[in-house]
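Undergrad: sequence plus the predicted model coming up.
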Amino acid sequence: MNIALVAHDGRKKELMEWVRYNWETLSQHNLYATGTTGKLVIQTLTEAHLDMIGLGNYPDDYPAKLHATYTAKVTCLHSGPLSGDAELGAMIGNNKLDVLIFFCDNLIQQGHQNDIYGLTRLASLYNIAFATNRTTADMILTSPLFNNPNYKRILPAAIENYINRDINF
């Protein structure tokens with residue numbers, strides 16, 4: 001599965017706590033993240049993996065190798081305001097994203113609010129699994145439909161109808 005992880009600055013710590021808790025599940029998938037969030041995801045996955053092994057139970061070069069493994073696993077896009085939200089929106093529109101975990105800070109107006117509206121509109125329109133908080137993100141990862149090869153996301157008829165609409169000038 002292709003999973004996007006995004007968090008505004010005020011919620012990055014919360015998202016990293018969630019990533020740490022779910023690191024084993026997340027590490028089995030292709031991960032995409034915007035800007036700084038991507039760097040933090042790589043760091044968090046590496047640290048969670050090392051914590052699981054236990055201090056001193058690995059060769060000296062293992063942390064660097066592990067970091068390189070997670071760097072290859074997480075695709076870091078541009079920062080949200082610098083087109084990262086648009087990049088994710090394009091992935092959704094091209095059916096290249098299955099899940100969007102977006103811990104948004106709804107207590108402050110973002111400078112790129114229009115980009116955020118666009119991204120959330122596309123997530124809804126294309127019917128992808130979409131969480132804006134930890135509870136919903138937990139429910140997505142623990143759903144029996146998550147990663148079920150027999151489950152097929154259904155695109156709303158509105159998309160096909162719009163693509164094939166009659167245009168009269």
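TA: Thanks, I have the structure now.
Undergrad: any idea which residue sits dead centre in the chain?
TA: For the chain, the residue nearest the mean C-alpha position is Ala4 (1.6 Å; CA atoms, centre = their mean).
Undergrad: just confirm that residue is within a helix.
TA: No - under DSSP: H, G, I helix; E, B strand; the rest coil, Ala4 sits outside any helix and is assigned strand.
Undergrad: name the nearest residue to Gly118, sequence neighbours excluded.
TA: Among residues not flanking Gly118 along the chain, Gly89 sits closest, at 5.6 Å (CB to CB, 6 or more residues apart in numbering). Bear in mind the C-beta positions are built from the backbone N, C-alpha and C, glycine included.
Undergrad: which residues are in contact with the helix or strand harbouring the one you found?
TA: According to DSSP states H and E, Gly89 maps onto helix 84-93. Helix 84-93 is contacted by residues 2, 4, 6, 32, 34-35, 77-78, 97, 100, 112, 115-116, 118-119, 122-123, 126, 128 when judged by CB atoms under 8 Å, 6 or more residues apart in numbering.
Undergrad: so for the residue nearest to Gly118, what's the pLDDT?
TA: Looking at Gly89, its pLDDT reads 95.
Undergrad: got it, and Met52?
TA: Reported pLDDT for Met52: 89.
Undergrad: and it, how many residues sit next to it?
TA: By other CB atoms under 10 Å, 10 other residues sit near Met52.
Undergrad: who does Cys76 bridge with?
TA: Beta bridges link Cys76 to Ala33, judged by DSSP bridges.
Undergrad: got the phi and psi for Leu26?
TA: phi -60, psi -40 (degrees, to the nearest 10).
Undergrad: and it, how many neighbours?
TA: The burial count for Leu26: 24, using other CB under 10 Å.
Undergrad: for it, which non-adjacent residue is spatially closest?
TA: Val19 (6.3 Å).
Undergrad: and whichever strand or helix holds that neighbour, what does it pack against?
TA: Per DSSP H and E, Val19 falls inside helix 12-21. Applying 3 or more CB pairs under 8 Å, 6 or more residues apart in numbering; DSSP states H and E, we find helix 12-21 packed against strand 2-7, helix 35-53, strand 99-103, helix 134-142.
Undergrad: buried sites along that helix?
TA: Buried residues in helix 12-21, counted by 16 or more other CB atoms under 10 Å: 12, 15-16, 18-19, 21.
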